[in-house]
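>>> all I have is the shape, not the residue letters:
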């Protein structure tokens, strides 16, 4: 080993002051979530890889520490919360209990930076509503995310979209939206071009994806002014989103501090059908750069 | 994998009620420790194996999940806190800061049961005083351990001894004390025989180990009535204890709920000389068997 | 580690005499194969797990030593040769080169016994003909396997069947054939019942699986008298067999010493379509129990 | 995984022609060694790390693939032969059997290049004489190494020295010899300066290390003209050499093709005292660059 | 041919079945000698503990035998099971101390079966392997539950324990080694046919 | 206080020892009832299989018990062993089929002890766990060797097997749980003293 | 808004494009001062090495920039690439020493791209990263091959090397950071439109 | 013999040293031709980027060369370094943006050296490898710090940055490949002696 001070990639101790800072933010988040009726669950720091195989693309799978356990099974250290929540809760959910409001927190550890110089050491706090497929849950979650961001000292900008729109436009259009490159040779649907140059409206969308358009309309009416619908926010996001997908940025630093959305099919993969929507905040050491409020800055390059 | 509900050895999720129970105990411990001036530190869930090689005997090393990281280093998932605290704090300690009062908490994960059917899934909370070599610190730590045990709903019995006495008696006597087998053929020092049959007093000890005898005398005067000096409590304990060593039992269930002692040489191994004394409580799911107070039961067979 | 003499599960050194014995058998096999025009290839002792994922059932995957390499990929120590040959050769095969006659040898290491007390330490020598889909290749391979078994000092009994017959009979019949349990309630096709009680002939088979019947007919005419067609030899064999499947037993010890068959789809999985048929002999230390000829005994319980 | 053609670092298949080339060289080496009375042993491709801990410096340990087995032990894939031979043979050696002449061959796999671009894929063949501490064994081994190098098509230059000389000169002088930097400020023994500028003779050495000088004298008289004594060939070589240490270069390509020496203390570490001297040839794919003789070129930058 | 007979609760029925199939089986007098190996005709009869029958057959040290599904499963035995018998059937049960305590520890003679049962129901509990008197473990509070064979249920009643679940239906089977089946096909098929017929004949008689 | 008594070969001596130490132990008539639990004075006596005594003590379900070293080692039991008895001593032996075959498979009721024995001698052999009649395994060629307790050596002679090595010297011990020793120190020390004295008194008598 | 301009071969065209799009870009005189940062209007222009443009944009230290695909790929840069330019196109080539030696070592300034190229063709070769004069490596026998950008092919001809394969078609692109695109959508869309128009206008002129 | 000369800041002194040692080095006119390879006497002189000298020597493509310790360390070059020169010395420095920000990111051309420096001080910071104008990274807030060579300190002053620590003392060295040293010992020792003498002669002159 190079030297006695080093810790393995992705971890380090938080000594007195850093720990206190982390605890202050944790406490603020937990207090708000508990007062809103969210119950905490504790998730294991390791889990088998196999149950999640279809949810993680190759590169993401390799971002976590993985090893073979004594029984020959492939095990990974936690690098993502949302699918773990579903696996833990799904077998215990009874129809009558729904909707559930759940939150969780803990370290996630990544052995590989996602990108150039991006950080691999992260603390996450997330929340989700299980069993409520209504637009009301969408709006509640967006408002909660904004409030938590403010509680952390950030000025939130929440960019949202519905992942089903790009899916409805076909692969070529979707690809153009992901790359933000407009092929002006008429090969793309006009809507894709309009989405890219920013001139598309929900009325334009309605023709291709009427349900999504209506839903986004309803969300726009309910969500706060920090929420911006961006129809061109199409990405190779986590495979499990089915409806609204959003990211929370801090307006001052332009860093992403949270990500979330609706994943109505995820619980069914683990044995119990239930709609679900949630988000995860990512806290890292840049937190310490801020006074008082201690605005959390993200560790992931979008 | 055998089936979709299983979690890897040593971990499982705590869902709503279990999580709440865990949090209640945590909160009670943390409140008491903070009010006594202990500051929390957060320790990484994984660390290199090498820095601890001389502190862990072969069998203990194998009890943790271990794997090779991307740089070829051997890494282990946390299975013990005390040496990690020393490694994390030692490089940052300045003479003037001492004494420090520190506490920590978190999961420890063991891949192997220590014994027949013993549990491998544990949550630990511990505290230590760094830089105070006095008997006052010994007594403070014993009293704190008793109070925390009571806060957890247990009726504490604290059995203590000084590890230096057995060391002073020589290997044969030490071995007899460990095995509790008395060789009545005169081959053992009389003191060892007296210790084993329970008739030894501190005056008997003083001849062989005067410092330890005086220290134990002083501790006995300061410690609460739940503390019992047992001179025959000699064990193959963790290699780093240098003075008093104690275990906290719950009188009703006879289970061990905490262990601690003085390890004045440990910090020096990580670069900064500092006396230290502390303890670690181990909480597991049998907690749920108790009402209200929620007495934590241990997971380790002594 | 328990003690200084131990080696990891599945390996041990072969010192002078054992090595000499192993070399004698190897030499005899290699000489015969080379004189028949088979060229040797050397295969790596480790390889990625991913390319073989669809070829290995869960349990088999866990029989090999597996670990994560420095790039985060899952790697396994060689525990089976046939798919490795296909992966290594497929990218290099040019139409004009076919048919190829290839052989290989080396250790395979299994960390888990397949069964109660079965051995996990094995040396294998195998051969295959690539690009010859004819019955002539089937017969050549059967004759070669018999000769090699004799060269190793065994009295070969080769039991063969065509895997496509059971597939043609449907899942229930297949299941009955695997378990050897006859449901005499009329729920099974009569052919399955006849196969199980040993009264079925190729003419009976022809109705359900005419190609397989003709093929087996032709094989029976070409193969030596040590080859026994057993229509009830239906098993959960390796996923890749497509036609004839056979096992070579030593008549005296009743141990299986080789296994083989036709796998015409395997090369296509690695990028080049080519019919292939081959076998693998498994040699282990019980070899030493035999004089002179040194009959290899297998390590695997069928 | 990046792509379907890749193999893990350090391995790849050898197809027909490459395998044939490898076999030709192997055969030539084995024939010569066997005719000189060397018996082959087969060594496992994996072994525990622990028995070798004191023989491998940190960096070298990390060059091998390492992983935790099902019992929690640290295991490595073979990356070096000499200590494995000692561990395998030591428990079986009876006084009366000595001296033994042993040879071995096989792949060694390194996950890390030793240097910029150096190869990590290697086949090694080595030989050693166990239980003969005489200068006769030294000369026999040097002559054998030269002959094998020639058999492989190389023009050998064997550079040798005795590791005990530098040890006798003290740490500063040793350091200067390793770095080849001469401090001309009088701080070094004159002998070190003379060794570095090439003017030292064995008579100069005799004063400091009389035994080594006499031994080197005797070796020089017995060894072939391809052997060059270079007193400044001092290196941070493998920890186990105790006397002569040599490297075999190919004069044309200047590549190192073998390394060896005397390690009289190695067997004692594994339980049986026995002097030993030996060498290991490293063969790699550059072999194919040469016609006919197929001179093996090394893969390691010295 | 070597055939393994279990010395325990299945002994009489097992011997009766082979006798009905026309085999020359050792007599009661033979068994009273406490010898464990008898050659009768071309069959070598060996008498071993119930739990060891699958071991002998799996390793090829016996060609065939009669074993309960409990022992077959517990040993993960891969032998063929061509005939299932109607005698000696019973159930493997999950039994608790009175008052339905939460399931934290299970005492059993069948740790492998218990592990599979618990894993399959996502129950996290420690298994405590015992050698005998398994029900006592729940009585004496060593464990909260036991998993054991139940024939009449008498033990459960006496100890005032409570049956909670059926873990598996257990029946005795004729088991035959895989390698011997392949290499001695003719003789093995003959054995199976005779046992099958004896079983069916017996069935005929019992059904009025 | 709950004390575990082994039902097997050590039963009589174990009870006699406790009686000599002044404990009120169950009578022969009691035992004939087939009950397994008896309260006498402040002691609850439980009668379990020899191999289960260390399990009860290790888990704290019994405070003390008498167990052979064979069972203590096989269960890796961590209980204290304050008294070693002179009765019931025997040897664990490595026994082979006649003709000293090479050691490739070992049948045993003690797989853990067998594994340690083989590893410690760098012997590579498979272990075949059996439930009983272990010597038969070597007779019937299931394994080349067996590891088993030998008291008189009669079984070995009858089967014409050959003793090859002593694996361990076996003696019965009083075992006491660790936690109870610490938390009930006084009562446990009293138990140990009384047993120690009873053992020594007995020794006195035997020595002429 | 901060825009990164590459100081190397793309400098002039990059500046001309921004100028054509109506931006107030630094003058030649400005550049002659060797200063690297200029504020003009609401844009801060920074001039960095070609290979560093993707780094500044990826980390959010520049909002946009112009970079060759070679540098974008080599840095695995995730920025959006909304506009691809027609100027400055070239090819990344695999070049060998004369006589088509077997491919064993490749010198390159682009080790990541080279690794992907070799892996994708199942070629096992060592990569030797160099800082400059890469073709020299093949001339001096440091490596058998090189992978490098080829514009005119002059260097290849002079050194009598041989082009073996096209590794990638390289073109310059406008790159825009992901976070800034989302949080400053309006201004970024305006930048893209203007650059797109300037590019098309230019195209218009070039086409006869 | 092939000798590698760095084209950068050490060029003149390196050539002068070889000239003083009596070697026939290429003239200034030669260099003006932009050729990179010259044969003079029995030496082939090659001119490569500073950072590539250790690569050529390490791989045996050059027998010797002159390289700064910065490049030797950055390439983990194992060549012998028999002579250290007095010219061209400088320091590798840790430099911060003004105001001593906390160290979170370091831009550098020497990522390996930077990693070792940070690890050795238990500093957790990301390293951002750059190709040039490294100081600009701290100015433009790409990183909080940079690690770079400092000769005169002019760049640091101009950008109003602050020197925080010395990472390493850097000096140029004669480097010689290990294999050539062993197999051409005589010629290599001659080279070293001549360079050593030329260095000392020069030292003599400089000292008054």
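Thanks, I have the structure now. Bear in mind that the values here come from a model prediction, so they are computed numbers and not experimental data.

>>> how far is the top helix by length along chain A from where the chain is centred?
Taking DSSP state H as the criterion, chain A has its longest helix at helix A:16-35. Helix A:16-35 sits 20 Å away from the centroid of its parent chain (Cα atoms, centre = their mean, to the nearest Å).

>>> stretch E:150-164 now?
Offset of stretch E:150-164 from its chain centre (Cα atoms, centre = their mean): 20 Å.

>>> now do the buried residues in that stretch.
Neighbour counts using 16 or more other Cβ atoms under 10 Å in any protein chain shown place E:150, E:155, E:156, E:159, E:161, E:162 of stretch E:150-164 among the buried residues. C-beta: built from backbone N, CA, C; applies to glycine.

>>> how about the nearest residue to the fifth one, chain neighbours excluded?
Excluding its sequence neighbours, the residue lying closest to residue E:161 (Cβ to Cβ, 6 or more residues apart in numbering or on different chains) is residue E:95, at 4.9 Å.

>>> just how off-centre is whichever strand or helix holds that neighbour within its chain?
Residue E:95 belongs to strand E:90-96 when assigned by DSSP states H and E. Its chain's C-alpha centre and that of strand E:90-96 lie 15 Å apart, by Cα atoms, centre = their mean.

>>> okay, now the residue of the stretch 1-150 of chain A found nearest chain H: neighbour count?
Of all residues in the stretch 1-150 of chain A, residue A:5 sits closest to chain H, at 3.1 Å by Cβ to the nearest Cβ. Per other Cβ atoms under 10 Å in any protein chain shown, the neighbour tally for residue A:5 reads 19.

>>> now, which of the buried residues of stretch E:150-164 lie within strands?
Among those, DSSP state E puts E:150, E:162 in strands.

>>> looking at the buried residues of stretch E:150-164, spot the one nearest chain B.
The nearest one, if we look at the buried residues of stretch E:150-164 relative to chain B and count by Cβ to the nearest Cβ, is residue E:162, at 19.0 Å.

>>> hang on, the closest one packs against residue E:94?
No: at 9.8 Å, residue E:162 and residue E:94 do not qualify as touching, with contact defined as Cβ atoms under 8 Å.

>>> mind listing the strands for chain E?
Using DSSP E, the strands of chain E run over E:2-6, E:37-40, E:43-48, E:64-68, E:80-84, E:90-96, E:105-108, E:126-129, E:145-150, E:162-170, E:172-176.

>>> need the contact list for residue 155.
You didn't pick a chain, so chain A it is. Going by Cβ atoms under 8 Å, 6 or more residues apart in numbering or on different chains, residue A:155 touches A:149, A:250, A:251, A:252.

>>> try again with chain E
residue E:135.

>>> also the one 5 residues further on?
Contacts for residue E:160 were tallied using Cβ under 8 Å, 6+ apart; they are residue E:98.

>>> got the phi and psi for it?
Dihedral pair for residue E:160: phi 60, psi 30, per degrees, to the nearest 10.

>>> what separation do you get for it and residue E:135?
10 Å (Cβ to Cβ, to the nearest Å).

>>> just residue A:243 next, same as before
55 Å.

>>> do residue A:258 as well
Applying Cβ to Cβ to residue A:258 and residue E:135 gives a distance of 55 Å.

>>> ditto for residue E:109
Counting by Cβ to Cβ - residue E:109 and residue E:135 are separated by 11 Å.

>>> shared neighbours, the two?
Common neighbours of residue E:109 and residue E:135, using Cβ under 8 Å, 6+ apart, are residue E:148.

>>> which SSE is immediately downstream of the helix or strand of chain A with the lowest mean pLDDT?
Counting by mean pLDDT, DSSP states H and E, chain A has its least confident helix or strand at helix A:58-62, which shows a mean of 67. Where DSSP H and E defines the elements, the next helix or strand beyond helix A:58-62 is strand A:66-68.

>>> where does chain E get nearest to chain H, residue-wise?
Nearest residue of chain E to chain H, counting by Cβ to the nearest Cβ: residue E:124, 37.2 Å away.

>>> what sits against residue A:241?
A:163, A:261, A:262, A:263.

>>> hang on, I meant residue A:54
Residue A:54 touches A:239, A:269, counting by Cβ under 8 Å, 6+ apart.

>>> surely it is within a strand?
No: per DSSP: H, G, I helix; E, B strand; the rest coil, residue A:54 lies outside any strand segment and is helix.

>>> next one: it from residue A:269, what distance?
8 Å.

>>> before we move on, what about residue E:55?
With Cβ to Cβ as the criterion, residue E:55 and residue A:269 are 41 Å apart.

>>> more neighbours: which of the two?
Between residue E:55 and residue A:269, counting by other Cβ under 10 Å, residue E:55 is the more crowded of the two (28 against 18).

>>> residue F:130 is in contact with the more buried one, correct?
Yes: with contacts counted by Cβ under 8 Å, residue E:55 reaches residue F:130, the gap being 6.4 Å.

>>> give me every residue in chain E lying close to chain C.
E:55, E:58-60, E:75-78, E:80-84, E:176, E:178-186, E:189, E:192-193, E:196 (Cβ under 8 Å from any Cβ of the partner chain).

>>> give me that answer again for 6 Å
Chain E comes close to chain C at residues E:58, E:78, E:80, E:82, E:178, E:179, E:182, E:183, E:189, as judged by Cβ under 6 Å from any Cβ of the partner chain.

>>> for the last one, grab the count of nearby residues.
A count of nearby residues for residue E:189, using other Cβ under 10 Å, gives 19.

>>> got phi/psi on the closest residue to it other than its chain neighbours?
Of all residues not flanking residue E:189 in the chain, residue C:198 sits nearest, at 4.9 Å (Cβ to Cβ, 6+ apart). The phi and psi values for residue C:198, taken as degrees, to the nearest 10, are phi 90, psi 10.

>>> quick one on the thing from earlier: just the buried members of the contacts of residue A:241?
Judged by 16+ other Cβ under 10 Å, buried ones among the contacts of residue A:241: A:163, A:261, A:262, A:263.

>>> where does the second one land in three-state SS?
Spelled out, that is residue A:261. Here residue A:261 is recorded as strand under three-state DSSP.

>>> for it, give the beta-bridge partners.
Assessed by DSSP bridges, residue A:261 has beta-bridge partners residue A:245, residue A:278.

>>> bridged to the spatially most central residue of chain E, which residues?
Most central in chain E under Cα atoms, centre = their mean is residue E:68, positioned 2.0 Å from the mean C-alpha point. The partner list for residue E:68 in beta bridges (DSSP bridges) reads residue E:172.

>>> distance of it from residue E:49?
12 Å.

>>> neighbours of the closest residue to residue E:26 other than its chain neighbours, just the number please.
Closest residue in space to residue E:26, ignoring its immediate chain neighbours: residue E:38 at 4.3 Å, by Cβ to Cβ, 6+ apart. Neighbourhood size, residue E:38 [other Cβ under 10 Å]: 18.

>>> tell me the contacts of residue E:38?
Going by Cβ atoms under 6 Å, 6 or more residues apart in numbering or on different chains, residue E:38 touches E:26, E:30, E:45.

>>> list buried residues within these.
Buried among these (16+ other Cβ under 10 Å): E:26, E:45.

>>> re the thing from before, distance check, the residue nearest to residue E:161 against residue E:150.
As judged by Cβ to Cβ, residue E:95 and residue E:150 stand 7 Å apart.

>>> again with residue A:123
51 Å.

>>> swap in residue A:268?
Using Cβ to Cβ, we find residue A:268 at a distance of 38 Å from residue E:150.

>>> and if you look at residue E:194?
Applying Cβ to Cβ, the value for residue E:194 to residue E:150 is 32 Å.
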